[in-house]
Structures are given as C-alpha cells and as structure tokens.
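> Please find the sequence and the predicted model below.
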Amino acid sequence: MIIEPRMRGFICVTSHPDGCAQSVRNQIEYVQSKGEIDGPKKVLVIGASTGFGLASRIAAAFGSDAATIGVFFEKPPVEGKPGSPGWYNSAAFEAEAYQAGLYAKSVNGDAFSNEIKRQTLDLIKADLGQVDLVIYSLASPVRLHPVTGVLHRSVLKPIGATYTNKTVDFHTGVVTDISIAPCQDDDIANTVAVMGGEDWAMWIDALKAENLLAPGVKTVAYSYIGPSLTEAVYRKGTIGRAKDHLEASAFSISDSLKSIDGQALVSVNKALVTQASSAIPVIPLYISLLYKIMKEKGIHEGCIEQIQRLYQDRLYTGEAIPTDDKGRIRIDDWEMRDDVQEQVAALWQQATTESLAEIGDLEGYRKDFLNLFGFDFAGVDYKADSDEMIDIPSIS
Ligand code: NAD
Ligand code: NA
C-alpha cells in the first residue's frame, strides 16, 4: 500500500516501514562512523523500540558488537493498517543485526507485567546466560501494577498552583498562552508509580535473583531536568516527582548490586522530539527554540548522537564515570550551557505566531516529528507501494 502521514491531534496514526528502516540504517551508520566502543557485550534494553531506548540498542550492537534483547510494547500491522513505528524499527534493527552476525531477539508486551519479565528472564537464561548492561528507557502513560492490580495513570501537571505560559501547536505554528491547573491529590503518587523507579528496581531484583546479571553489571535509566522556563510543568511538576523517585532508586539499586560489583546510574538526557515529549505542553516551543540555537552553535544532537556519546565519553572510558553532585551522568551538558540557555530565554520573550518561523526551528521540529513515524527521510520513495505486513523475525 501507499502510506501517508495521518495526524490525529498530537500523534500520527500511520507509520512507514521503509522510512523506519531508513531511520535505523542512518543511526547504525552514525554509530559506525564514530568507531568502536570498548562497551557492553550482552545487553537488555527495556523500551528498546523508539527514542533513546532504540538508540541505546543500536549503539550497543553496532558500536561494540553486543548481543541485544529488546523489550517494548508495539502494535503489529494488520492487512491495510500499518503497525506502530517501534514495530518497524525493531524489524529493521533485527534484520540489520543478523546481517552483521549479531544476536538480537525481542519481546513485545507490557514490561510492567510479571509475564513479560518472566519471558525475558527465560530468554536471557537460555541464550545469553547473563547481561552486562541493562538500559531502562520506558515512557508510558499507564502502568498496571503487577502486585496490587491498580491501573495507575501519569499526568503532566504543575503542583500547587496554576501554571501559565506560552505554547505552540507545532502542526500549525500558532503560539498561544496555555494555563494548566494544578494536580489533584492522587496525581503525584500515580505519576510516580508509572514513571518512577519502582519497576526498574523490580526488573533488577528479578534479574539478580536468578543470577542473570554479570559481575560489574551496569544499569542506566534516563531522566530530564531542563530550564527554569519549563520547571513548573516538568521538573517541579508531577513528572519531576517521578524523576526524583527514579534518581533516588539508582542509589538503592546500586546498594543491591554491591555484592556483584554492579552499579545503577541515571543519565540526564537532552530535550528531543519523541512521541513522549511532543505530548507535553510548552515543551515543543522550548524545543523549537533550543534546536535553533544548538544548530547555530553546531552542538545539536539527536537520540543516537546522545547515546553514542553516553557510551563513549561517559560509561565506557575505562575511568570512573563522571557525575554531577547528585550522582547523575549529564549528557544534557550542551543543552544546559549558560550561553545556550540565555539565548533560548531571550527568544522565548519574543516568540509569537508571527516570529516563531524566523526565530525558532519549527521546520526542524516538524521534520523530527515526521521522522518518528518513518516519514520525510531522504532516500525513501514515498510514492511507491510498500509492504506494511513486515514481521519482527524473532517474534513471528
Ligand atoms: P519513547 O516514547 O520514544 O520510547 C518509549 C519506549 O517504551 C518504547 O520502546 C515503547 O515501546 C516502550 N514502552 C512504553 N510502554 C511500555 C510498556 N508498558 N511495556 C513495554 N514497553 C513499553 O520515549 P523516549 O523519549 O525515548 O523516553 C525514554 C526515556 O527517556 C524516558 O524515561 C524519558 O523520560 C527519558 N527522556 C526523554 C527525553 C526527551 O526529550 N524525549 C529527554 C530526557 C529523558
Ligand atoms: Na526509549
């Protein structure tokens, strides 16, 4: 079929298999262009199909020849209806990995559940024995708690007071004021339950209990901080409480790994266009200004550049891993540079519907957004028929 982008609200409901494959190939080429990393050899990536998690899988496999197991929650295609982008990304990743002679298998289902943990543990046991790196990169709006059976929903709200600021509808370019009412009683606890560190700890406990973690194992989860502009809705809002919990969990997980000389870390990553971040109000306006400034300065990065740098310059240098005063790895260092933040703050004051096309990088935002779904890649013939019924080799 011929597949075109179809928008519904802030998401795109179609995705392009050949474009997703192109995206994966581009990321592989980037990693290979940076040379070999003396990195992990057997890797579990939880949240491996899109965004930072996919980049983590690609950087491990094609940067240091790692065997990878990827866990994700994606929709397979049905005749006439494309699957989700992460489905096609994972199909393309496995095909490329096999061609390169690398082990790669995937598990599709709810990573919060006991069943998917069981399936993944069995796969590691059967095929890899142990893993030496576990990346935790889930971004989900809901979590069905495996012990209590409660369905938790995360919210993106300020705490204590209404937050008003500018935002942009990146599809139309219209800049408006938005007011977000403060969260209700249970919102913080629910958001922490979904995006905090409890599930990360459950994964590591389960892996350790069955001796599936290699001596010296590292496990890394991803966090975000961002500027004071977005603080009320992000870092000091409900999601920020979840990130506080995730970051605190790194310390307790590290304690639990002492006997095998293991370490749990949080990496604070840069703001990027992903399915998760485009749904947060105010963030798209910030990102479009940030992209403009970082591209002008020649320091813009996407997920793959960020994670390649995380492995090469932070995790696998052979030296102690550099962290900030709260024990976090900072690969948001270029985003948070004073000169970058001062210029973004100045542009923020000037941003209107009329000025944004000029002072911000709306085009770059839109292109990245389309790219998430496999659209707008050079080298892909979007007028040609493409086969939507692509399988993930290790799943079907
Ligand atoms: P993403 O939406 O691109 O990826 C989410 C992944 O989680 C996908 O592989 C998806 O299949 C998987 N997933 C979601 N629910 C699942 C479930 N129930 N079971 C199994 N898999 C499930 O998101 P992302 O932006 O790459 O975010 C990953 C992490 O990075 C998050 O912790 C996020 O907060 C963090 N982060 C994001 C940004 C940003 O700007 N996007 C910046 C810094 C940190
Ligand atoms: Na991810």
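Structure received. Just so you know, these numbers come straight off a predicted model, no measurement behind them. Ligands and ions are numbered 1, 2, ... in the order given.
> So the longest strand anywhere in the chain, near ligand 1 or not?
Counting residues, the longest strand found in the chain (DSSP state E) is strand 213-223. Yes: contact of strand 213-223 with ligand 1 (CB under 6 Å from any ligand atom) involves 222-223. To be clear about C-beta, it is placed using only N, CA and C from the backbone, and glycine gets the same treatment.
> chain center to the helix or strand just after that strand: distance?
Sequence-wise, the next helix or strand downstream of strand 213-223 (DSSP states H and E) is helix 238-256. Mean-position distance between helix 238-256 and its chain equals 17 Å (CA atoms, centre = their mean, to the nearest Å).
> could you check the angle strand 213-223 makes with helix 238-256?
Using axes from the mean of the first three to the mean of the last three CA atoms, to 10 degrees, the direction of helix 238-256 lies 160 degrees away from that of strand 213-223.
> What is helix 238-256 packed up against?
helix 187-195, helix 198-209, strand 213-223, strand 263-268 (3 or more CB pairs under 8 Å, 6 or more residues apart in numbering; DSSP states H and E).
> before we move on, the earlier item: show me how far the longest strand of the chain is from its chain's centre.
Chain-centre distance of strand 213-223: 16 Å, with CA atoms, centre = their mean.
> So is it next to ligand 2?
No: Strand 213-223 is not in contact with ligand 2 by CB under 5 Å from the ion; minimum separation 7.6 Å.
> Mean pLDDT added to the helices and strands packed on helix 238-256, as JSON lines?
Below are the helices and strands packed on helix 238-256 laid out as JSON lines (pLDDT from 0 to 100):
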{"stretch": "helix 187-195", "mean pLDDT": "98"}
{"stretch": "helix 198-209", "mean pLDDT": "98"}
{"stretch": "strand 213-223", "mean pLDDT": "98"}
{"stretch": "strand 263-268", "mean pLDDT": "98"}
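> Any chance of CSV for those, columns mean neighbour count and distance to residue 378?
Output for those, formatted as CSV (neighbours: other CB atoms under 10 Å; distance: least, CB to CB, whole Å):
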stretch, mean neighbour count, distance to residue 378
helix 187-195, 22, 35
helix 198-209, 19, 37
strand 213-223, 21, 28
strand 263-268, 23, 30
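> Please tabulate the ones you listed in TSV, including the columns distance to residue 133.
Output for the helices and strands packed on helix 238-256, formatted as TSV (distance: least, CB to CB, whole Å):
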stretch	distance to residue 133
helix 187-195	21
helix 198-209	12
strand 213-223	5
strand 263-268	11
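> The ones you listed: which one's closest to residue 36?
Nearest to residue 36, of all the helices and strands packed on helix 238-256, is strand 213-223, at 18.2 Å by CB to CB.
> Pairing partners for that closest one, with directions?
Using DSSP bridges, the strands paired with strand 213-223 are strand 131-136 (parallel), strand 263-268 (parallel).
> looking only at pLDDT, what's the mean for the helix or strand just after the first one?
Where DSSP H and E defines the elements, the next helix or strand beyond strand 131-136 is strand 142-144. On average, the pLDDT along strand 142-144 is 98.
> and strand 142-144, which residues are buried?
residue 143 (16 or more other CB atoms under 10 Å).
> which residues touch it?
110, 112-113, 150-154, 193-194, 199 (CB atoms under 8 Å, 6 or more residues apart in numbering).
> Contacting ligand 1 as well, which ones from these?
For ligand 1, the contacts drawn from those by CB under 6 Å from any ligand atom are 110, 112.
> Save the contacts of strand 142-144 as JSON lines, and put in secondary structure too.
Below are the contacts of strand 142-144 laid out as JSON lines (DSSP: H, G, I helix; E, B strand; the rest coil):
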{"residue": "110", "secondary structure": "coil"}
{"residue": "112", "secondary structure": "coil"}
{"residue": "113", "secondary structure": "coil"}
{"residue": "150", "secondary structure": "coil"}
{"residue": "151", "secondary structure": "strand"}
{"residue": "152", "secondary structure": "strand"}
{"residue": "153", "secondary structure": "strand"}
{"residue": "154", "secondary structure": "coil"}
{"residue": "193", "secondary structure": "helix"}
{"residue": "194", "secondary structure": "helix"}
{"residue": "199", "secondary structure": "helix"}
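> shaky segments in the stretch 51-200 of the chain?
Within the stretch 51-200 of the chain, not a single segment meets pLDDT under 70.
> now check stretch 297-307, is it near ligand 1?
No: using CB under 6 Å from any ligand atom, stretch 297-307 stays clear of ligand 1, with a minimum separation of 6.6 Å.
> Which residues does that stretch contact?
Contact with stretch 297-307 is made by 26-27, 30-31, 51-52, 54-56, 58-59, 269-270, 272, 274, 291, 294, 309, 331, 334, 337, 339-340, 368, as judged by CB under 8 Å, 6+ apart.
> what angle sits between the longest strand of the chain and helix 198-209?
Strand 213-223 and helix 198-209 meet at an angle of 170 degrees, taking the same axes, to 10 degrees as the criterion.
> Tell me, what's the model's pLDDT at the residue of the chain most remote from its centre?
Centroid-distance maximum for the chain: residue 354 at 31.8 Å, with CA atoms, centre = their mean. With respect to pLDDT, residue 354 scores 97.
> And the one 10 residues further on, by the same measure?
Reported pLDDT at residue 364 in the predicted model: 96.
> Tell me, how many residues neighbour it?
17 (other CB atoms under 10 Å).
> Pull the distance from the helix or strand it falls within to the chain's centre.
Element membership for residue 364 (DSSP H and E) is helix 362-372. Chain-centre distance of helix 362-372: 16 Å, with CA atoms, centre = their mean.
> buried sites along that helix?
Going by neighbour count (16+ other CB under 10 Å), the buried part of helix 362-372 is 362, 364-366, 368-372.
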